[in-house]
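*Asks:* mind folding the following:
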Amino acid sequence: MKKRLIACLMCLCMLVGLLPTAAFASGGTVATVDGKEYTDLQTAIDAASGKTVVLKDNVVLTAESAGSKAKPIVVSSEVTLDMNGKTISNASDIWVDTKEEDKWSLISVQKGGDLTITGNGTLKAKADDCYAVDLQYDGKCTIENGTFIGNISAVYVHDGHLTVNGGDFSIQQLADGENGYRHTLNCLDANYKNKTATITVTGGTFKNFNPENNLAEGAGTNFCAEGYLATKRGEVDATYYDVV
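*Replies:* Numbering: from 1, shown residues only. As a prediction, this is how the structure comes out:
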């Protein structure tokens with residue numbers, strides 16, 4: 001009887017391990033849209049065209065099965081994400097960069113996407129894995145506030161238009177070469193040159209990265225909007241730049 005019970009428990013554990021856990025939260029409700037409750041953040045985002053998604057719990061993106069990777073949250077319509085002081089992170093690697101697919105971030109704003117992030121929450125990528133946010137296929141994103149922690153870049157614009165009005169930005173994994181913080185905000189070089197990838201900064205705090213004068217797209221890159229300046233603020237272990 002004891003051996004049979006142990007065998008049953010082992011089978012149950014294996015089955016639980018195979019269940020999808022792409023957007024795990026500690027409680028049942030992950031987010032609401034117009035008061036309607038959702039247990040999955042991607043489903044809430046997909047249902048929120050022209051509306052606001054309010055996070056109700058921390059979200060941890062994980063792989064759906066052994067050997068696979070976690071999936072980014074994809075935004076392809078006009079959505080406001082009210083982080084409500086919560087955190088989005090990933091426990092499993094997300095990063096995939098191949099000819100077949102690109103998965104680079106916790107949140108990916110893609111074709112038709114126009115995302116506003118507010119609510120003073122945190123997007124923290126797993127160390128040595130991915131970005132916090134990326135823009136692809138002419139996606140648009142406005143960041144009002146919050147904390148954004150990535151690797152190599154906190155936010156990456158492949159092609160699209162990023163506006164930063166506030167927030168705290170930093171990276172864990174540094175880029176190789178001169179000034180490892182140089183890509184904290186970054187565009188694909190070719191698309192930056194032809195203006196299909198843009199970054200406009202009117203506020204925010206940046207760790208070891210000056211958005212007014214950096215190396216992201218070559219020496220002297222200035223992401224600040226006209227009339228906005230970055231003020232240097234040194235601390236014990238880092239230099240911070242506040243844009244005002």
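*Asks:* mind listing what the most centrally placed residue in the chain touches?
*Replies:* Centroid-nearest residue in the chain: residue 132, 2.5 Å away (criterion: CA atoms, centre = their mean). The contact partners of residue 132, by CB atoms under 8 Å, 6 or more residues apart in numbering, come to 105, 106, 107, 123, 124, 125, 148, 149, 150, 154, 155. Yep, even glycine has a C-beta here, placed from its N, CA and C like the rest.
*Asks:* what's the pLDDT at it?
*Replies:* Residue 132 carries a pLDDT value of 98.
*Asks:* mind listing the helices for this protein?
*Replies:* 2-18, 41-46, 189-193 (DSSP state H).
*Asks:* confidence score at residue 204?
*Replies:* The model's pLDDT for residue 204 equals 98.
*Asks:* how close does it get to residue 137?
*Replies:* Plainly put, residue 204 is 25 Å away from residue 137 if you go by CB to CB, to the nearest Å.
*Asks:* so these two - more neighbours on which side?
*Replies:* residue 204 (24 against 14; other CB atoms under 10 Å).
*Asks:* that one against residue 243, yeah?
*Replies:* Yes. The pair residue 204 / residue 243 is scored as a contact, 5.3 Å apart, by CB atoms under 8 Å.
*Asks:* list residues touching both of these two?
*Replies:* Common neighbours of residue 204 and residue 243, using CB under 8 Å, 6+ apart, are 164, 211.
*Asks:* OK, contacts around residue 203?
*Replies:* With contact taken as CB under 8 Å, 6+ apart, residue 203 is in contact with 164, 165, 166, 167, 228, 243, 244.
*Asks:* how near is the closest residue to it other than its chain neighbours to residue 52?
*Replies:* Distances taken as CB to CB, 6 or more residues apart in numbering place residue 166 nearest to residue 203, at 4.3 Å, with adjacent residues excluded. Note on residue 166: its distance to residue 52, by CB to CB, is 18 Å.
*Asks:* the closest residue to residue 162 other than its chain neighbours - how many residues pack around it?
*Replies:* Nearest non-adjacent residue to residue 162, counting by CB to CB, 6+ apart: residue 199, 4.7 Å away. The tally of other residues near residue 199 (other CB under 10 Å) stands at 26.
*Asks:* wait, isn't residue 199 in contact with residue 156?
*Replies:* No. The pair residue 199 / residue 156 is not scored as a contact, 9.9 Å apart, by CB under 8 Å.
*Asks:* common neighbours of the two, please.
*Replies:* The contact lists of residue 199 and residue 156 share residue 187, where a contact means CB under 8 Å, 6+ apart.
*Asks:* return the residues in contact with residue 123.
*Replies:* Contacts for residue 123 were tallied using CB under 8 Å, 6+ apart; they are 83, 87-89, 106-107, 117, 132-133, 146-149.
*Asks:* show me what it is bridged to.
*Replies:* On the basis of DSSP bridges, residue 123 is bridged to residue 88, residue 148.
*Asks:* for residue 169, give the beta-bridge partners.
*Replies:* Bridge pairing for residue 169 - DSSP bridges - gives residue 148, residue 206.
*Asks:* residues in contact with it?
*Replies:* Here residue 169 is in contact with 148, 154, 155, 184, 185, 204, 205, 206, 207, 209 (CB under 8 Å, 6+ apart).
*Asks:* would JSON lines of those with distance to residue 75 be doable?
*Replies:* Below are the contacts of residue 169 laid out as JSON lines (distance: CB to CB, whole Å):
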{"residue": "148", "distance to residue 75": "15"}
{"residue": "154", "distance to residue 75": "17"}
{"residue": "155", "distance to residue 75": "13"}
{"residue": "184", "distance to residue 75": "22"}
{"residue": "185", "distance to residue 75": "19"}
{"residue": "204", "distance to residue 75": "20"}
{"residue": "205", "distance to residue 75": "24"}
{"residue": "206", "distance to residue 75": "23"}
{"residue": "207", "distance to residue 75": "26"}
{"residue": "209", "distance to residue 75": "25"}
